[in-house]
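In: Model the following, please.
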Amino acid sequence: VMTQVLRSSSASLLSNSVISQRDQSEDGLVQLIFGSEKPSELDAEYESYLASLTSYSLDRISKEPDLLRQEGEKTKQQMQSLAFRNYKAFIQTSDCVDTIHDQMANVNEQLDYILSRMPKLGSACKDFTQRAQDINQRRLKNRNTLNYHTQLLELLEIPQLMDTCVRNAFYEEALELEAYTQKLKRLHPDVPIIQNIAEEVRTFADMMLFQLHQQLRSNIQLPICLRVIGYLKRLGVYNERELRLSFLQSRGAWLQSVLTTIPPGNPFNYVTKLTELSRTNLSEIITQYKAIFSEDPSDEGLEDGGLLFGWMNEVISDFLTILDTNLPQITDGMSIANVLDQCMYYGIYLGRVGVDFRGLLTPLFTKAIFSMFSTSIASSNNYFIENLRSYKFNTIPKPNPNIIENKEQLAPPIALLDFPPLATLTNGYLNAFNELRHCAPIILQVKLCQRFGEGLYAIATALQNYPRDLGRRMDQVEEKVFKLMCECAAEKMVPHLSRCWAQIFPTSRTSVDITRTIDLLETLYERDKQEYKQSITLDDEGPVGNGDAHLQVEQNGEVNDHDESSSNGNGSVPEITLS
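Out: Residues are numbered from 1 along each chain as shown. Okay, here's the model as predicted:
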């Protein structure tokens, strides 16, 4: 084995040595042929020729130059023959080469231009790719839109459908649409079209809210009120307290609209209608409120009384303001009494729900009643003073045997007929008493007594000042008649009016102070009192006075002749009427 290995190793070394010597001889031959201009690389034909050249013998190598020369001449002749035969092709080839050279220059220029435009082309391609992607995405969206066209159309028609429901009062369907859009809004907060639809639906929901408030401001019954409040709760605009307040404000606006329809002509009719409408409609509103809303603990134990009581206090305050404005314009005692009865009934009804305002009526009616009585007294006094200025004190009154003195306690003295100014004054006072007796409050007794006494004293003062205001001295007849009038006023008229006044407050211990009035009148006639007694016993002649006069008694609104018996069972005050 070692011998074989050594043999193969020696053969390998021998072949490698031969190959190395061949390569060195070829390199030397190439150096000899090309000299210093040895090419860096030789093609296959040169290498094949050099390989065969080294294998030639010496004789062959010596003949190789001649052979190469002959081969060269032969090749030259062939080239000349080829050129002669194909000279046109060479010419065309030359022209083609020139043309190609020129075109290559243009190609180079075009290539340079193309190379300069390549960055822009790359960016344009990128833009095109991006736009193509966008177009593709839009196409996908459009395709999806087409696939869901029906559903999208339903969504887009929600605002229009909401508008139709609201305008036709289909509030149940409108509330369902509003709830559905709010749900979509919460599920898709980043979708603009959903947000826009929700905003439009919210606008129509506000319109529905306005319509519901308008219904509360109209004349509606309890079932409709329940339905409207249910809709308002489902809208979710108000909390519980705000909803109650909104209900009261809307119903209050309706109540005010009803009250404004009352014609403001006659104060009595206006106040009567106002009280009746306020009572009936306010009771209906309270019933609706208590039926709709559950009992709220805030309605009890709060200083303001809760929402309901606060609102009722405001309504009652407005009612009292209107009542205070119109009561002074009512000059009839019976009318004031009727208004007082209605207001008291109104207060009793509201007292069932804890708003009894009857105590607030006292100052209003006492002021109106006192004003009515005071105005009547002042008007009677002024009319008496005017009559006194025009009265002629030129005839001494004589007793009339045809007139029978009425023995009734409240029958007016017949002697007043001798002096028409006193009779007219008595009629005025009795009219004031008749008006007062319908609505005479005990709380005003002292104040009314004082006013009545002041009125009587004003009459006495007017009689005292008459001689001075006359501007001349009265003759004996005028002075006598004047003193007789003063005596009649002191002894007949003033006591009779005092007795009539006592019938207005029969159980009261307060009486009118007529002492100073009578004392003042007595100072005007006391000196000639004896002469007056003699004058009434003169000859029995017919009645003499300032025109014919007869006595009538007014009882319960009826006028009776003087010869009929007058009953005063109901406390009415008789009245002297001159014809």
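
In: From now on I want contacts and neighbour counts done on CA atoms only, so please keep to that.
Out: Will do.

In: residue boundaries of the helices in the stretch 301-450 of the chain?
Out: In the stretch 301-450 of the chain, the helices defined using DSSP state H, counting those that start in this stretch lie at 306-326, 333-351, 358-390, 420-437, 445-470.

In: wait, which of those is closest to residue 202?
Out: Nearest to residue 202 among the helices of the stretch 301-450 of the chain is helix 306-326 (29.1 Å), distances taken as C-alpha to C-alpha.

In: Put the alpha carbons of the closest one into CSV.
Out: The C-alpha trace of helix 306-326 is given here as CSV (Å, rounded to 0.1, in the frame of the first residue of the first chain):
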residue,chain,number,x,y,z
GLY,A,306,-93.2,73.4,48.2
LEU,A,307,-93.7,73.9,44.5
LEU,A,308,-97.5,73.5,44.5
PHE,A,309,-98.1,75.8,47.5
GLY,A,310,-95.6,78.4,46.2
TRP,A,311,-97.3,78.5,42.8
MET,A,312,-100.8,78.7,44.5
ASN,A,313,-99.6,81.6,46.6
GLU,A,314,-98.5,83.4,43.5
VAL,A,315,-101.9,82.8,41.8
ILE,A,316,-103.7,84.0,44.9
SER,A,317,-101.5,87.1,45.2
ASP,A,318,-102.5,88.0,41.6
PHE,A,319,-106.1,87.4,42.4
LEU,A,320,-105.9,89.6,45.5
THR,A,321,-104.2,92.3,43.5
ILE,A,322,-107.0,92.3,40.9
LEU,A,323,-109.6,92.2,43.7
ASP,A,324,-108.0,95.2,45.5
THR,A,325,-108.1,97.1,42.3
ASN,A,326,-111.7,96.5,41.4
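
In: name the helices or strands packed onto that helix?
Out: helix 240-259, helix 267-292, helix 358-390 (3 or more C-alpha pairs under 8 Å, 6 or more residues apart in numbering; DSSP states H and E).

In: got those as CSV, with mean pLDDT and distance to residue 349 columns?
Out: As requested, those are arranged in CSV below (pLDDT from 0 to 100; distance: least, C-alpha to C-alpha, whole Å):
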stretch, mean pLDDT, distance to residue 349
helix 240-259, 90, 17
helix 267-292, 89, 8
helix 358-390, 90, 10
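
In: right, so of those, which gets closest to residue 343?
Out: That would be helix 267-292 among these, by C-alpha to C-alpha, at 6.6 Å.

In: so what does the closest one touch, helix or strand wise?
Out: Against helix 267-292 (3+ C-alpha pairs under 8 Å, 6+ apart) you get helix 222-235, helix 240-259, helix 306-326, helix 333-351.

In: Give me the distance from the longest helix anywhere in the chain to the chain's centre.
Out: Looking across the chain with DSSP state H, the single longest helix is helix 87-147. Distance of helix 87-147 from its chain centroid, counting by C-alpha atoms, centre = their mean, to the nearest Å, is 72 Å.

In: what's in contact with the helix or strand just after that helix?
Out: Using DSSP states H and E, the helix or strand that follows helix 87-147 in sequence is helix 149-156. Helix 149-156 is contacted from outside by 145, 197, using C-alpha atoms under 8 Å, 6 or more residues apart in numbering.

In: Pull the distance from helix 149-156 to the chain's centre.
Out: That offset, for helix 149-156, works out to 36 Å (C-alpha atoms, centre = their mean).

In: mind checking how far stretch 241-251 is from the chain centre?
Out: Distance, centroid of stretch 241-251 to centroid of chain: 12 Å (C-alpha atoms, centre = their mean).

In: Now do the buried residues in it.
Out: 243-251 (16 or more other C-alpha atoms under 10 Å).

In: now, which of the residues you listed sits nearest residue 261?
Out: Set against residue 261, the nearest of those by C-alpha to C-alpha is residue 251 (15.9 Å).

In: which residues in the stretch 451-579 of the chain form helices?
Out: Along the stretch 451-579 of the chain, the segments classed as helices by DSSP H, counting those that start in this stretch run 476-488, 494-504, 515-525, 529-535.

In: Could you export the first one as PDB, CA atoms only?
Out: Extracted as PDB, the C-alpha positions of helix 476-488 are listed here (Å, rounded to 0.1, in the frame of the first residue of the first chain):
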ATOM      1  CA  GLN A 476    -136.600 137.700  61.000                       C
ATOM      2  CA  VAL A 477    -138.500 135.200  58.900                       C
ATOM      3  CA  GLU A 478    -135.400 133.600  57.400                       C
ATOM      4  CA  GLU A 479    -133.700 133.500  60.800                       C
ATOM      5  CA  LYS A 480    -136.800 131.900  62.400                       C
ATOM      6  CA  VAL A 481    -137.100 129.300  59.700                       C
ATOM      7  CA  PHE A 482    -133.400 128.600  59.800                       C
ATOM      8  CA  LYS A 483    -133.500 128.000  63.600                       C
ATOM      9  CA  LEU A 484    -136.500 125.800  63.200                       C
ATOM     10  CA  MET A 485    -134.500 123.700  60.700                       C
ATOM     11  CA  CYS A 486    -131.600 123.500  63.200                       C
ATOM     12  CA  GLU A 487    -134.000 122.400  65.900                       C
ATOM     13  CA  CYS A 488    -135.600 119.800  63.600                       C
END
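
In: can you list contacts of that helix?
Out: 392-397, 415-416, 419, 422, 463, 521-522, 524-525, 528, 532.

In: can you rerun that using 7 Å?
Out: With contact meaning C-alpha atoms under 7 Å, 6 or more residues apart in numbering, helix 476-488 is reached by 393-396, 419, 521-522, 524-525, 532.

In: What subset of those is buried?
Out: Counted by 16+ other C-alpha under 10 Å, these give 393-394, 396, 419, 521-522, 524-525, 532 as buried.

In: Quick check: mean pLDDT of stretch 119-135?
Out: Across stretch 119-135, the average pLDDT comes to 90.

In: what do you get for stretch 92-108?
Out: 88.

In: Now do residue 169: how many residues are near it, please.
Out: Close neighbours of residue 169, defined as other C-alpha atoms under 10 Å, add up to 14.

In: For it, give its distance to residue 226.
Out: Separation of residue 169 from residue 226 (C-alpha to C-alpha, to the nearest Å): 16 Å.

In: One more: residue 377?
Out: 56 Å.

In: Same check on residue 52?
Out: The gap separating residue 52 from residue 226 is 126 Å, by C-alpha to C-alpha.

In: which of the two has more neighbours?
Out: Between residue 52 and residue 226, counted using other C-alpha under 10 Å, residue 226 has the larger neighbour count: 16 against 10.

In: Local confidence estimate at the more buried one?
Out: 90.

In: Over to residue 114?
Out: 86.

In: Who are the contact partners of it?
Out: Going by C-alpha under 7 Å, 6+ apart, the list of residues near residue 114 is empty.

In: Try it again at 10 Å.
Out: Applying C-alpha atoms under 10 Å, 6 or more residues apart in numbering, we find residue 114 in contact with 108, 121.

In: So it versus residue 382, what's the distance?
Out: On the measure of C-alpha to C-alpha, residue 114 and residue 382 end up 125 Å apart.

In: Same question for residue 194.
Out: For residue 194, the distance to residue 382 - C-alpha to C-alpha - is 84 Å.

In: Equivalent analysis for residue 308, please.
Out: With C-alpha to C-alpha as the criterion, residue 308 and residue 382 are 51 Å apart.

In: Give me the mean pLDDT for stretch 186-198.
Out: 87.
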